[in-house]
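Novice: give me the fold of what follows.
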Amino acid sequence: MFLSLPKIYKIGILSVISIVIFSFTVSYSIQIVTEENIKSSLVSEQIDRQRIASKSLSQHIGSDLTLVTAVLDGLADSAYLQDARMDSEKTNSLIIQKYHTIDDIIDRIFILDKNDTVTTDLSNQGTDQYLGSDFSQKEWVKEAKNELNPVFSKGFERQGTYTIYIAVPIINKENSEYLGLIGASIPTEKFFSRYGNVHDINSQFLVVYDRNATILAVGADKTLLGKNFFGQTVQNFITQNEILNNLTRTLLSGEPNYGVYDYGRTERINTGQPVLVRNTPTYFLQVVTPTKEIFSKIGETLFTERLKSYSLLAAVFACVVLLIIFLLKWSNTMEKEVIKRTEALNKSNVKLGIISKELKNSNRSLQEANSQLRENDKLQKEFINMAAHELRTPIQPILGLTDVLLDGVSDSHQSKLLNVIMRNARRLQRLSGDILDVSKIESSSLKLSRSRIELNEKIQTVVNDIENRSISERNKNVRIIFQPKESVTVHVDRDRIYQVLSNLLSNALKFTKNGRVTINIDHSNKNEVVVTIRDTGTGIPPKLMPNLFSKFVTTSNYGTGLGLFISKGIIEAHGGRIWAENNPDGIGASFSFSLPIN
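Specialist: Model prediction:
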């Protein structure tokens with residue numbers, strides 16, 4: 001039939017087919033270029049965010065190490081150690097007290113006398129493991145003894161755990177005589193896992209070096225721990241990638257940097273930042289993110305847009321096919337009918353052009369609005385992160401040094417003023433921590449360090465901590481009732497679950513003037529455990545109930561309204577649920593949350 005058509009028809013049909021093929025080709029090319037531009041833009045945005053995050057993490061790490069050094073300095077200047085009473089009962093009591101202020105950072109604290117023999121040793125595994133040991137041949141002991149300044153050691157492997165040591169010399173203030181040394185050990189992998197992933201190469205992870213390029217923590221491969229970056233083992237692993245080698249050399253010289261590379265295990269973004277302790281580059285941090293993790297977040301969006309584009313072209317192609325069939329079928333009709341149909345087709349094309357123009361204008365407006373929203377969101381989160389970290393940085397030294405001052409103050413008025421400073425500094429510390437937690441929850445970057453714990457013991461610890469608060473911080477007219485039953489073991493982040501329990505129990509006590517707060521555990525469902533905290537307080541106002549777990553929702557004049565939002569984020573990150581209700585008898589309220597058993 002096609003061969004019998006007039007020549008002009010044949011030319012027209014072939015032209016239409018050519019246009020359709022050309023349109024598909026051009027559309028596909030534009031789609032590919034657009035996707036590459038989007039990916040390039042995402043990489044640039046990720047580098048900017050990651051550089052800010054790397055700087056923030058390095059400041060956080062430096063702040064925690066500075067706190068440990070400040071505590072050790074305070075102990076070295078204490079009256080007991082200045083009198084060379086290295087193993088007296090009062091010295092041991094002081095060491096235990098200070099150890100518990102930083103035991104979430106270090107795993108051991110010990111004292112050496114002037115002959116470099118361990119006289120006091122304390123760790124969470126017990127005491128006396130180092131007692132009587134001779135440390136005179138340790139390089140970091142020699143360095144601290146010779147230079148009479150705090151020393152951060154290189155990494156050492158001990159009993160399968162890679163460890164660094166912080167050593168502070170004890171120097172007599174009157175005659176500058178060397179009396180001994182007080183030190184602390186930090187397991188590197190456990191310590192740096194507080195700030196990010198150091199176990200999984202397939203997601204964003206951290207790499208940390210000492211000044212000699214020895215790897216102290218790494219998420220790429222655990223077998224690289226303790227290896228020198230420029231040694232054969234690591235270089236074989238990274239296939240001697242020149243970009244990564246140059247980035248690491250620059251970082252070890254104390255300069256922040258960033259780059260993108262691929263050594264055969266997918267393309268990655270690397271941002272480096274030195275960790276400053278007392279304004280001195282001491283350790284060196286790299287944050288590494290696989291680009292596929294970034295692109296996976298937009299894969300569905302790109303697929304949807306590609307499907308829309310191809311659907312539109314397919315619709316046009318279908319219309320053209322129908323038109324060709326129509327022309328073949330009615331090729332022998334009158335010229336007038338052909339002209340009529342052609343005019344109708346032209347009108348349709350005009351309408352399609354108008355619709356296409358409107359769609360383009362709408363897409364452009366949506367893209368501009370979306371871009372503005374992303375920029376505003378980015379600025380807001382960067383400001384919140386920066387503000388929280390800027391608050392946290394001075395708070396740690398204030399707490400540490402105020403604690404040191406309290407030990408040496410005998411005047412009750414001065415002690416009262418220092419307690420006011422300590423109380424408000426802790427309040428600022430909690431606020432900055434809450435802001436950081438909110439930021440992590442909203443950006444889906446809350447990381448959990450899971451381990452198996454006995455839930456009854458964790459609840460009892462929270463109850464004991466709250467009951468041991470000072471009289472001014474608790475209500476003696478309210479009793480806390482908790483009677484453990486059967487043992488329940490869960491696989492959770494122990495610190496985060498402590499945070500949730502402490503927050504819910506503190507809220508219950510805050511809104512209960514007289515009566516009791518009861519804690520119950522329900523393990524009737526073998527797949528989950530439910531913890532309920534029931535009080536006899538004022539209850540929850542009905543108007544707050546729908547938004548109770550949102551940010552800034554509170555009836556208290558002292559709270560920020562972030563605690564329940566953070567608790568909800570932590571519980572949901574564990575795969576659980578959290579809810580609240582007023583008690584059926586009209587007295588008080590109950591807050592409950594569930595945790596999966598497996």
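Novice: by mean pLDDT, point me to the weakest helix or strand of the chain.
Specialist: strand 126-127 (a mean of 54; mean pLDDT, DSSP states H and E).
Novice: and the next helix or strand past that strand?
Specialist: The helix or strand immediately downstream of strand 126-127 is helix 139-147, counting by DSSP states H and E.
Novice: tell me which residues in that following helix are buried?
Specialist: 140-141, 144-145 (16 or more other CB atoms under 10 Å). C-beta: built from backbone N, CA, C; applies to glycine.
Novice: any chance of CSV for those, columns pLDDT and distance to D495?
Specialist: What follows is those, written out as CSV (pLDDT from 0 to 100; distance: CB to CB, whole Å):
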residue, pLDDT, distance to D495
W140, 90, 29
V141, 92, 32
A144, 91, 32
K145, 90, 36
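Novice: for the record, mean pLDDT for the helix ranked longest in the chain?
Specialist: Looking across the chain with DSSP state H, the single longest helix is helix 335-408. Taken as a whole, helix 335-408 carries a mean pLDDT of 74.
Novice: returning to what we had before: out of the buried residues of helix 139-147, who's nearest I294?
Specialist: Within these, proximity to I294 (CB to CB) peaks at W140, which comes in at 40.5 Å.
Novice: show me what counts as buried in stretch 213-225.
Specialist: In stretch 213-225, counting by 16+ other CB under 10 Å, buried: 213-220, 224-225.
Novice: so how far is it from its chain's centroid?
Specialist: 20 Å (CA atoms, centre = their mean, to the nearest Å).
Novice: span of it from start to end?
Specialist: 11 Å (CA to CA, to the nearest Å).
Novice: show me which of the buried residues of stretch 213-225 is closest to T119.
Specialist: The closest of these, once distances to T119 are taken by CB to CB, is L216, at 28.5 Å.
Novice: got a pLDDT number for that closest one?
Specialist: pLDDT at L216 comes out at 90.
Novice: roughly how far does it sit from Y261?
Specialist: 21 Å (CB to CB, to the nearest Å).
Novice: break this protein down into its domains, please.
Specialist: 7-42+299-378, 77-191, 450-596 (automatic domain parsing).
Novice: as a check, name the ranges of all helices in the stretch 1-150 of the chain.
Specialist: Ranges of helices in the stretch 1-150 of the chain, per DSSP state H, counting those that start in this stretch, are 7-76, 79-82, 89-102, 139-147.
Novice: so the third one versus helix 7-76, what angle?
Specialist: Between the direction of helix 89-102 and that of helix 7-76, the angle (axes from the mean of the first three to the mean of the last three CA atoms, to 10 degrees) works out to 170 degrees.
Novice: next, F591: secondary structure please.
Specialist: Three-state call for F591 (DSSP: H, G, I helix; E, B strand; the rest coil): strand.
Novice: could you report the neighbour count for it?
Specialist: 23 (other CB atoms under 10 Å).
Novice: and L373, by the same measure?
Specialist: Counted with other CB under 10 Å, L373 comes out at 10.
Novice: right, and the helices of the stretch 1-150 of the chain - which one's nearest G576?
Specialist: Once the helices of the stretch 1-150 of the chain are compared by CB to CB, helix 7-76 is nearest, at 27.3 Å.
Novice: from the chain's centroid, how far away is that closest one?
Specialist: 21 Å.
Novice: distance of D107 from K458?
Specialist: From D107 to K458 the distance is 20 Å (CB to CB).
Novice: now K526
Specialist: Remark: distance between K526 and K458 (CB to CB) = 20 Å.
Novice: in JSON lines: the helices of the stretch 1-150 of the chain, plus distance to L373.
Specialist: Below are these laid out as JSON lines (distance: least, CB to CB, whole Å):
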{"stretch": "helix 7-76", "distance to L373": "14"}
{"stretch": "helix 79-82", "distance to L373": "57"}
{"stretch": "helix 89-102", "distance to L373": "42"}
{"stretch": "helix 139-147", "distance to L373": "51"}
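Novice: of the ones you listed, which shows the lowest average pLDDT?
Specialist: Minimum mean pLDDT among these: helix 7-76, a mean of 80.
Novice: between that helix and helix 335-408, how many degrees?
Specialist: Inter-element angle recorded for helix 7-76 and helix 335-408: 0 degrees (by the same axes, to 10 degrees).
Novice: which one's more surrounded, K526 and K458?
Specialist: When K526 and K458 are compared for neighbours, K458 comes out ahead with 18 against 8, by other CB under 10 Å.
Novice: doesn't the more buried one belong to a helix?
Specialist: Yes. Per three-state DSSP, K458 lies within a helix segment.
Novice: that one contacts I497, correct?
Specialist: Yes. Between K458 and I497 there is a contact under CB atoms under 8 Å: 6.2 Å.
Novice: would you put the C-alpha positions of stretch 489-506 in CSV?
Specialist: The C-alpha trace of stretch 489-506 is given here as CSV (Å, rounded to 0.1, in the frame of the first residue of the first chain):
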residue,chain,number,x,y,z
THR,A,489,18.6,-8.7,76.6
VAL,A,490,18.4,-6.3,73.7
HIS,A,491,20.8,-5.3,70.9
VAL,A,492,20.9,-1.5,71.1
ASP,A,493,23.1,1.5,71.5
ARG,A,494,23.5,1.6,75.3
ASP,A,495,24.2,5.4,75.5
ARG,A,496,21.2,6.3,73.3
ILE,A,497,18.8,4.0,75.2
TYR,A,498,20.2,5.6,78.5
GLN,A,499,19.4,9.0,77.0
VAL,A,500,15.8,8.0,76.2
LEU,A,501,15.2,6.4,79.7
SER,A,502,16.7,9.4,81.5
ASN,A,503,14.6,11.9,79.4
LEU,A,504,11.3,10.1,80.0
LEU,A,505,11.9,9.5,83.7
SER,A,506,13.1,13.1,84.2
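Novice: show residues contacting it.
Specialist: With contact meaning CB atoms under 8 Å, 6 or more residues apart in numbering, stretch 489-506 is reached by 104, 448-455, 458-459, 461-463, 465-466, 480, 517, 519, 529, 531, 533, 563-564, 566-567, 570-571, 573-574, 591, 593, 595-598.
Novice: please apply the same query to stretch 172-180.
Specialist: Outside stretch 172-180, the residues touching it (CB under 8 Å, 6+ apart) are 77, 81-82, 84, 86, 111-114, 119, 145, 148, 169-171.
Novice: picking up where we left off before, the longest helix of the chain - contacts with which helices or strands?
Specialist: Secondary-structure packing of helix 335-408 (3 or more CB pairs under 8 Å, 6 or more residues apart in numbering; DSSP states H and E): helix 7-76, helix 89-102, helix 299-329, helix 412-442.
Novice: shaky segments in the stretch 101-250 of the chain?
Specialist: Counting by pLDDT under 70, the stretch 101-250 of the chain contains low-confidence residues at 126-128, 158-159.
Novice: now the strands for it?
Specialist: 108-113, 118-123, 126-127, 151-152, 156-158, 161-171, 178-187, 205-209, 215-218 (DSSP state E, counting those that start in this stretch).
Novice: export the ones you listed to CSV and tack on distance to S93?
Specialist: Listed next are the strands of the stretch 101-250 of the chain as CSV, based on distance: least, CB to CB, whole Å:
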stretch, distance to S93
strand 108-113, 13
strand 118-123, 11
strand 126-127, 13
strand 151-152, 26
strand 156-158, 27
strand 161-171, 17
strand 178-187, 15
strand 205-209, 34
strand 215-218, 33
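Novice: what's the local residue count around F295?
Specialist: Going by other CB under 10 Å, the residues that sit close to F295 add up to 16.
Novice: excluding its backbone neighbours, what's nearest it?
Specialist: K39 (6.0 Å; CB to CB, 6 or more residues apart in numbering).
Novice: state the distance from that neighbour to G180.
Specialist: 59 Å.
Novice: looking at these two, which is more packed in?
Specialist: More crowded of K39 and G180, by other CB under 10 Å: G180, with 21 against 15.
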